[in-house]
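S.K.: with the input below, show me the fold.
(chains A, B, C and D)
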There are 2 protein chains.
Amino acid sequence: MKPTIYDVAKRAGVGIGTVSRVLNNSSQITPETKTRVLHAIRELKYQPHAMARGLARNKTHMMAIILPSFTGYFYLELLRGIQQEITKYQYDMVLYNVDNPDRTDLFLQRTLRERRVDGVLLVSLPISEKYKERYLRAGFPIVLVDNMHDELDSVSVENEQGAYLATTHLIKQGHSRVGMIDAQLKSIPAQIRLNGYKKALKDNHVPFVESYLVISDTNTDKDGFNRQAGYDAMKQMLGLPDRPTAVFISSDVQAAGALRALQESGLKTPQDMAIVGFDDIELAQYLGLTTIHQPLFEMGRTAVEHLIHMIGNHETERLNRCFSTHLVIRDSCGAKQLLNN
Amino acid sequence: MKPTIYDVAKRAGVGIGTVSRVLNNSSQITPETKTRVLHAIRELKYQPHAMARGLARNKTHMMAIILPSFTGYFYLELLRGIQQEITKYQYDMVLYNVDNPDRTDLFLQRTLRERRVDGVLLVSLPISEKYKERYLRAGFPIVLVDNMHDELDSVSVENEQGAYLATTHLIKQGHSRVGMIDAQLKSIPAQIRLNGYKKALKDNHVPFVESYLVISDTNTDKDGFNRQAGYDAMKQMLGLPDRPTAVFISSDVQAAGALRALQESGLKTPQDMAIVGFDDIELAQYLGLTTIHQPLFEMGRTAVEHLIHMIGNHETERLNRCFSTHLVIRDSCGAKQLLNN
DNA sequence: TTGAAAGCGCTAACAA
DNA sequence: TTGTTAGCGCTTTCAA
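M.R.: Alright, predicted model coming up:
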């Protein structure tokens, strides 16, 4: 059997309380006894039982990351940041994958009741009024990522500004028929990006054409932020009379599919169709995609840092951090033209 | 405060033992009392405390996934499979990211001693003799993924056969100067893939040229399986006198970097340099990369399934599953030529 | 079939 | 400064 705190105590000739104190390097302990205990620990290769500890302190040293299909490239970048920060604080991460956003509550319920984790990072997923209340009432730490909420802590990005930048860039390249491929509007970021697109059109006196807005995954239960959806949307866009000569696409993964569709149709980017994506995930570099950069790594780090803070001090000021975006120019729109400006 | 098993018992007018039995739907309980208890549970919105349960049963219902920089695209595919199967069995996954393979033991030690998880999936990482012994002695469930071991359970892929297929394909396209870009040889798969490459050259009477083998990340502490490393390696390859006209690259991510290097040098693929990668991750589709497919999703699923099995029955037959690979032809080598054969 | 009670391995309050 | 003890919330004997 594995050694317990009793074995260590016996070996060191002290009480278990003392061992516990050494373990949590609390209060004043004679350096001498401390060394004795440390010795015993080493000899027995003792390591505290995580569950027992968790039960006794009512802290697990784990946090839940709840996200939709974390296997998308987008979340990967975010996870890098989360991962780095979490390691720093010696926390462990439990991943929960939510297939259907409508079932988010189920996971929120579990994490709240099971008490397997000390806090929750809810990524790109909606939280219902009901669970917002429950979390608030329980004082259970939760931070929203890639999402906003009036009464909860959050880390997000200026989606409207980003979409505005993207659309403006396309117009500045001389395009007057500028379309948009957006994801499902039940996604808040998708909604806001649409606003930014419309605003940019307006400010530049380019008319908004209804048919130039194509929503991905219209007839499926997916959210639209995937490659196939982008592919399909571009196919549809290409079939339009007087089709756009430039398109702002609400995510890089969708843009990847769209580029493929263009390629299959024998169209060149940006000559025949200019593209600006959103996210600036690693893939965008591979594809030479002009896109809107959002600091995913930094967002992940910030979210974890704040969550840890909330777990520590129960009274924390609310954080509603909103990172700004910037345009990254690559091949799919405006590389050379911009240089000539 | 959250309701405990005592609250439920009181509410239902039974002892806590009975509630516990209902929770674990064990033994014979009067349907009537069972309903009463179930009712009380629902009314109080009771849910067992995961830590308390874990402590009492000495089972956590969690498994550790230990992997190197899980934020690479390769692991993403694997995680998809792991994720799917894990959900099926109602397990949770705790992710551990190992930056430096040499520190793998630290994580193995923690998981073994802390008992936070019921089993371990060790992905693409080496296990030392010492820890192999400890795990075996403790009877602690562990399954290696993308790795093999004589005395431990594993799920892997036929790396030699895959490399052989890739190299043979290049030769069959008429190339006689066929190079290889490999990852660091401390990686077992990298070693084996090199063997497959050499074997294919030999069987096809193509001489092995020392300088045509470029090892990625030679002067860094990384493992070579990354984009930058592939980029650098291709740059080096291009500087060779009588440079190869075709290259087998040990992973798709490296190939992505290599393609970029070719592009920057104004070289066309496959005309100026044919490429075959390895892994067939999603990225390969985006890039039109000819590559060797390994069933990552299926491997993840299989590994989890077996681990769960081991956790359940302590005496399980050892599993050393080795999946076979196949060639996927895309643009970077052999698309048209093959059709003309 | 069910209830009572003894742990699981730890932390923390209380004494000494 | 240190030891003792009472929980933390559950499972699981052991009796009844």
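
S.K.: so residue A:95 is in which element?
M.R.: strand A:92-98 (DSSP states H and E).

S.K.: residues of that strand that come out buried?
M.R.: For strand A:92-98, the neighbour count (16 or more other C-beta atoms under 10 Å in any protein chain shown) marks A:92-98 as buried. The way it works is simple: take the backbone N, C-alpha and C, and place the C-beta from them, glycine included.

S.K.: could you check the pLDDT of the nearest residue to residue A:81 once chain neighbours are set aside?
M.R.: Distances taken as C-beta to C-beta, 6 or more residues apart in numbering or on different chains place residue A:300 nearest to residue A:81, at 2.5 Å, with adjacent residues excluded. Here the pLDDT value assigned to residue A:300 is 96.

S.K.: you'd agree residue A:300 is in a strand?
M.R.: No: counting by DSSP: H, G, I helix; E, B strand; the rest coil, residue A:300 falls outside a strand, being helix.

S.K.: so what's it up against?
M.R.: Residues in contact with residue A:300, defined by C-beta atoms under 8 Å, 6 or more residues apart in numbering or on different chains, are A:77-85, A:145.

S.K.: do a quick rundown of the strands in the stretch 51-200 of chain A.
M.R.: Applying DSSP state E, counting those that start in this stretch to the stretch 51-200 of chain A gives strands spanning A:62-68, A:92-98, A:119-123, A:142-145, A:153-157, A:178-182.

S.K.: how about the second one and chain B, touching?
M.R.: Think strand A:92-98. Yes: legend: contact between strand A:92-98 and chain B by C-beta under 8 Å from any C-beta of the partner chain is shown at A:92-97.

S.K.: re the thing from before, dump the contacts of residue A:300 into CSV; add distance to DNA strand D and neighbour count as well.
M.R.: Converted to CSV, the contacts of residue A:300 look like this (distance: C-beta to the nearest atom of the strand, whole Å; neighbours: other C-beta atoms under 10 Å in any protein chain shown):
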residue, distance to DNA strand D, neighbour count
A:77, 38, 22
A:78, 33, 29
A:79, 31, 25
A:80, 35, 19
A:81, 33, 22
A:82, 28, 30
A:83, 30, 23
A:84, 32, 16
A:85, 29, 20
A:145, 29, 29
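
S.K.: widest-spaced pair of these?
M.R.: Of all pairs drawn from the contacts of residue A:300, the one with the longest distance (C-beta to C-beta) is A:84 and A:145, at 14.7 Å.

S.K.: quick check: residue A:187 vs chain B, distance?
M.R.: Residue A:187 sits 21 Å away from chain B, taking C-beta to the nearest C-beta, to the nearest Å as the criterion.

S.K.: cool, residue A:118 as well?
M.R.: Distance from residue A:118 to chain B, by C-beta to the nearest C-beta: 11 Å.

S.K.: likewise for residue A:186?
M.R.: 23 Å.

S.K.: so which residues make contact with stretch A:64-73?
M.R.: By C-beta under 8 Å, 6+ apart, the surrounding residues in contact with stretch A:64-73 are A:75, A:78-79, A:82, A:93-99, A:101, A:104, A:107-108, A:111, A:116-117, A:119-125, A:223, A:225-226, A:252-253, A:281-283, B:73, B:76-77, B:79-80, B:83.

S.K.: hmm, back to that, just how off-centre is the strand holding residue A:95 within its chain?
M.R.: Offset of strand A:92-98 from its chain centre (C-alpha atoms, centre = their mean, to the nearest Å): 13 Å.

S.K.: stretch A:151-160: end-to-end distance?
M.R.: By C-alpha to C-alpha, to the nearest Å, the extent of stretch A:151-160 from end to end equals 21 Å.

S.K.: ok, back up a step: pLDDT added to the buried residues of strand A:92-98, as JSON lines?
M.R.: Formatted as JSON lines, these follow (pLDDT from 0 to 100):
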{"residue": "A:92", "pLDDT": "94"}
{"residue": "A:93", "pLDDT": "95"}
{"residue": "A:94", "pLDDT": "95"}
{"residue": "A:95", "pLDDT": "93"}
{"residue": "A:96", "pLDDT": "92"}
{"residue": "A:97", "pLDDT": "89"}
{"residue": "A:98", "pLDDT": "90"}
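
S.K.: kindly report the residues of chain A close to DNA strand C.
M.R.: Chain A comes close to DNA strand C at residues A:1-2, A:4-6, A:16-17, A:19-20, A:23-24, A:26, A:46, A:48-49, A:52-53, A:55-57, as judged by C-beta under 7 Å from any atom of the strand.

S.K.: quick one: buried residues of the host helix or strand of residue A:32?
M.R.: Under the criterion of DSSP H and E, residue A:32 resides in helix A:31-44. For helix A:31-44, a neighbour-count test (16+ other C-beta under 10 Å) marks A:33-34, A:36-37, A:40-41, A:44 as buried.

S.K.: hang on, the earlier thing: just the strands of the stretch 51-200 of chain A: most buried one?
M.R.: Mean neighbour count (mean count of other C-beta atoms under 10 Å in any protein chain shown) peaks for strand A:178-182 among the strands of the stretch 51-200 of chain A, with a mean of 28.

S.K.: please export the C-alpha coordinates of that one as PDB.
M.R.: Once non-C-alpha atoms are left out, strand A:178-182 reads as follows in PDB (Å, rounded to 0.1, in the frame of the first residue of the first chain):
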ATOM      1  CA  VAL A 178     -18.100  43.200 -50.700                       C
ATOM      2  CA  GLY A 179     -19.900  40.100 -49.300                       C
ATOM      3  CA  MET A 180     -19.700  38.400 -45.900                       C
ATOM      4  CA  ILE A 181     -19.800  34.800 -44.900                       C
ATOM      5  CA  ASP A 182     -20.900  34.600 -41.300                       C
END
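
S.K.: how about low-confidence regions in the stretch 201-341 of chain A?
M.R.: In the predicted model of the stretch 201-341 of chain A, residues A:335-341 satisfy pLDDT under 70.

S.K.: the residue in it positioned nearest to DNA strand D: how many residues sit nearby?
M.R.: The nearest approach of the stretch 201-341 of chain A to DNA strand D comes at residue A:314, 17.0 Å away (C-beta to the nearest atom of the strand). Using other C-beta atoms under 10 Å in any protein chain shown as the criterion, residue A:314 is surrounded by 8 other residues.

S.K.: do you know how far the residue lying closest to it once chain neighbours are set aside is from residue B:29?
M.R.: In space, residue A:314 comes closest to residue A:139 once its chain neighbours are excluded; the distance is 6.0 Å by C-beta to C-beta, 6+ apart. As judged by C-beta to C-beta, to the nearest Å, residue A:139 and residue B:29 stand 36 Å apart.
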